[in-house]
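# this is a predicted model, with the sequence first.
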Amino acid sequence: HHSEWGCYVRQGHAQEGCHCDVEESQCTRKWGVDGTWTHQCHVCKDMDKIKETESDNTKNDGINTVTLILITVGSVLVVLVAVLVGLFLRYRWQRKGPVQQSGGHDAVVVGQPVSAESADAKGNASDS
């Protein structure tokens, strides 16, 4: 079983047990004769693992936050572009009006009507 260094405060003291976040010089200064710097603080090894896990979780939270912000901004931009394209197409359609296909019943012919006599005369002239 691997041990870690820590400050052990004797049993019966209000803060008894191993203190992992204390440096060697602070151990006796803080607890006097009740504090002993020892390598038998097994909980300190576990504390190192907990601190590493907390550090990893903090990094992951930062990555998750950045990812969430990027997804949100991207989604808002896609919606904004879609709305702008829709407004542009609507403006363009209103400006030009609805498109009518030629040859329909409502088709407008520009020019003067040709009389039947002049149409026959052109037709006979082209036959010869």
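Looks like it came in fine.

# what ranges does this protein have for its strands?
Here the chain has its strands, by DSSP state E, at 6-9, 17-19, 35-38.

# dump these to a markdown table, plus mean pLDDT, distance to P113 and mean neighbour count.
Bear in mind the C-beta positions are built from the backbone N, C-alpha and C, glycine included. What follows is the strands of the chain, written out as a markdown table (pLDDT from 0 to 100; distance: least, Cβ to Cβ, whole Å; neighbours: other Cβ atoms under 10 Å):
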| stretch | mean pLDDT | distance to P113 | mean neighbour count |
| --- | --- | --- | --- |
| strand 6-9 | 90 | 110 | 23 |
| strand 17-19 | 89 | 110 | 17 |
| strand 35-38 | 90 | 116 | 16 |
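
# show me the shaky parts of the chain.
Applying pLDDT under 70 to the chain flags the ranges 1-3, 46-62, 97-109, 116, 118-128.

# which residues in it form helices?
Secondary structure of the chain, counting by DSSP state H: helices at 24-31, 42-96, 116-127.

# tell me the helices and strands packed up against the shortest one.
Translated: helix 24-31. strand 6-9, strand 35-38 (3 or more Cβ pairs under 8 Å, 6 or more residues apart in numbering; DSSP states H and E).

# can I get the strands of the chain in JSON lines with distance to W93?
Conversion of the strands of the chain to JSON lines gives the following (distance: least, Cβ to Cβ, whole Å):
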{"stretch": "strand 6-9", "distance to W93": "77"}
{"stretch": "strand 17-19", "distance to W93": "76"}
{"stretch": "strand 35-38", "distance to W93": "83"}
